[in-house]
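J.: sequence? don't have it. structure:
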RNA sequence: GUGGGUGUAGCUCAGUGGUAGAGCCCCGGAUUGUGGCUCCGGUGGUCGUGGGUUCGAUCCCCAUCAUCCACCCCA
């Protein structure tokens, strides 16, 4: 588990603000679900034999003896909540969520045991238009963050659940015929997820993999058409993509469209966003058959990417506009009152009041450290005149004495914050 | 779950089987009410944790935890 320290939070807030704005612009509504759910929910949705369910969940018994689990992903909870509250009853939904997820894996760069995802979920829409819509939403986010040239869209179709199951059997049979060439990992995958064998980087298996039957040739007709229409929609929208026939998602519930946005700027954790269609999931969890498509993106990876590429704009890093310094302890009460009146008059002003005493020299050092361009000094002389001294910390400019009554107007013009008219 | 690297001051890191170091940061002073540059002084460490070897361990050994990197897998 890792802490998010003050230096990092402006980057997170920047990303989160962009995401929130984008979701609203695409007509998605936020849903917030608990971070704990009944363990069975995840086992039934993600798949019993996946790594997540087999060995990565934080599971515990509560005081009633129920088995609960810290959510390892967001889709299962959304489906559960939507079903439970009737959101899927004869209607469609476009939802998004954001929050912490938990997986007990070995941490490394871009991977943490508590990590954060933003996800979108749509229900009740079965055409490729909504597939394209969620992909375009993600593409716009990269565009607006300045990441567009650094990410690649990979696309594939897994076909219907039936077609996928049939293909899986075909593939298993093929690899079993070449069992002598398979490495240990791949032999294990024969029973867990044979599609993953196609992903192996082992050069000794390259030939066998190249000769394996292709998923794309085993799609059912409806899925093939869906996929073709999606590709046409993306092309019409000017979104570049690469069809990756080896792209399979790790969670069992996916069918038809799957996609991943990847980058090569983050080392081995290159996937920043992944998703697809899971038309069978609602029914699998006890609801009526409901088409669904969505994705999740990893916030830590995105923040890391923005940081690596230096794409967080300076203004997003916030900071202090002015630092108010009572020059001695006797000036503190008046400084406190002055700070409050400025905050009332200028709601957009970021004003830090010096607290904690110290020598005047140390107070000025704190003013400097605050990053503020302006120090407001209030001492005995100023109090006698009902004034303050404005000192410019970043410009080569004479300090000036300003009456307290006119200070808000002066600050408004200096910092370009509109005055609050009351 | 597998393999490897690293854990010493708030941070970045030196270091030695015999009472623990630097730079930066922080505090004070040079400068009675003016930050940044300079100089002087100072605070701050059960050397990740628990065992073991030893007269003596921060150093050697074992375990454990954390962290980083890679694998697996995933966002």
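T.: That came through, no problem. These numbers were taken from a predicted model, which means no experiment stands behind them.
J.: who's in contact with the residue nearest the centre of chain A?
T.: For chain A, residue A:299 is the residue whose C-alpha lies nearest the centre (CA atoms, centre = their mean; 3.3 Å). Residue A:299 makes contact with A:12, A:15-16, A:98, A:115-118, according to CB atoms under 8 Å, 6 or more residues apart in numbering. The C-beta positions use only the backbone N, C-alpha and C, and glycine is treated the same way.
J.: over to it: give its phi and psi.
T.: Main-chain dihedrals, residue A:299, degrees, to the nearest 10: phi -70, psi -40.
J.: tell me how far it lies from RNA strand B.
T.: Residue A:299 is 8 Å from RNA strand B, where distance means CB to the nearest atom of the strand, to the nearest Å.
J.: about what we covered before: by neighbours, which of the contacts of residue A:299 wins?
T.: residue A:118 (24 neighbours; other CB atoms under 10 Å).
J.: tell me the bridge partners for that residue.
T.: As for beta bridges, residue A:118 partners with residue A:98, residue A:297 under DSSP bridges.
J.: need the contact list for it.
T.: By CB under 8 Å, 6+ apart, the contact list for residue A:118 reads A:19, A:96-98, A:296-297, A:299.
J.: nearest to residue A:224 among the residues you listed?
T.: residue A:296 (26.2 Å; CB to CB).
J.: how much space between the nearest residue to that closest one once chain neighbours are set aside and RNA strand B?
T.: Closest residue to residue A:296 apart from its sequence neighbours, by CB to CB, 6 or more residues apart in numbering: residue A:119 at 3.9 Å. To RNA strand B, residue A:119 is 8 Å away according to CB to the nearest atom of the strand.
J.: go ahead and confirm residue A:119 touches residue A:97.
T.: Yes. Judged on CB atoms under 8 Å, residue A:119 makes contact with residue A:97 at a distance of 5.4 Å.
J.: any common contacting residues for those two?
T.: Taking CB under 8 Å, 6+ apart as the criterion, residue A:119 and residue A:97 both touch A:74, A:78.
J.: okay if I get the contacts of residue A:118 as CSV plus distance to residue A:142 and pLDDT?
T.: Shown next, in CSV, are these (distance: CB to CB, whole Å; pLDDT from 0 to 100):
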residue, distance to residue A:142, pLDDT
A:19, 12, 97
A:96, 16, 98
A:97, 20, 97
A:98, 17, 96
A:296, 15, 96
A:297, 10, 95
A:299, 14, 94
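J.: in CSV: these, plus distance to residue A:178.
T.: CSV is the format used below for the contacts of residue A:118 (distance: CB to CB, whole Å):
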residue, distance to residue A:178
A:19, 45
A:96, 44
A:97, 43
A:98, 44
A:296, 35
A:297, 37
A:299, 41
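J.: low-confidence bits of chain A, can you list those?
T.: A:250, A:417-422 (pLDDT under 70).
J.: apply 50 and report the result again.
T.: Counting by pLDDT under 50, chain A has low-confidence residues at A:422.
J.: would you map out the domains in it?
T.: Using automatic domain parsing, the domain ranges for chain A come out as A:9-160+A:220-308, A:319-415.
J.: most packed of the ones you listed?
T.: The highest mean neighbour count among those, using mean count of other CB atoms under 10 Å, belongs to domain A:9-160+A:220-308: a mean of 18.
J.: just give me how far that domain sits from the chain centre.
T.: Remark: domain A:9-160+A:220-308 is offset 10 Å from the chain centroid, using CA atoms, centre = their mean, to the nearest Å.
J.: ends of that domain, what's the gap?
T.: By CA to CA, to the nearest Å, the extent of domain A:9-160+A:220-308 from end to end equals 16 Å.
J.: quick check: closest non-adjacent residue to residue A:244.
T.: For residue A:244, ignoring the flanking residues on the chain, the nearest one in space by CB to CB, 6+ apart is residue A:154 at 4.3 Å.
J.: just to be sure, that neighbour is in a helix?
T.: No. Under DSSP: H, G, I helix; E, B strand; the rest coil, residue A:154 sits outside any helix and is assigned strand.
J.: report the beta-bridge partners for it.
T.: Judged by DSSP bridges, the bridge partners of residue A:154 are residue A:242, residue A:260.
J.: who are the contact partners of residue A:141?
T.: Residues counted as contacts of residue A:141 (CB under 8 Å, 6+ apart) are A:18-19, A:22, A:147.
J.: want to throw those into CSV with secondary structure and distance to residue A:176?
T.: Below are the contacts of residue A:141 laid out as CSV (DSSP: H, G, I helix; E, B strand; the rest coil; distance: CB to CB, whole Å):
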residue, secondary structure, distance to residue A:176
A:18, helix, 49
A:19, helix, 45
A:22, helix, 47
A:147, coil, 42
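J.: quickly name whichever of these is closest to RNA strand B.
T.: Closest approach to RNA strand B among the contacts of residue A:141 (CB to the nearest atom of the strand): residue A:147, at 13.0 Å.
J.: how about the residues of the stretch 51-200 of chain A by RNA strand B?
T.: A:51-52, A:55, A:73, A:103, A:105-112, A:115, A:117, A:185, A:189, A:193, A:196, A:199-200 (CB under 7 Å from any atom of the strand).
J.: return the subset of those lying in helices.
T.: Among these, the members falling in helices (DSSP state H) are A:51, A:185, A:189.
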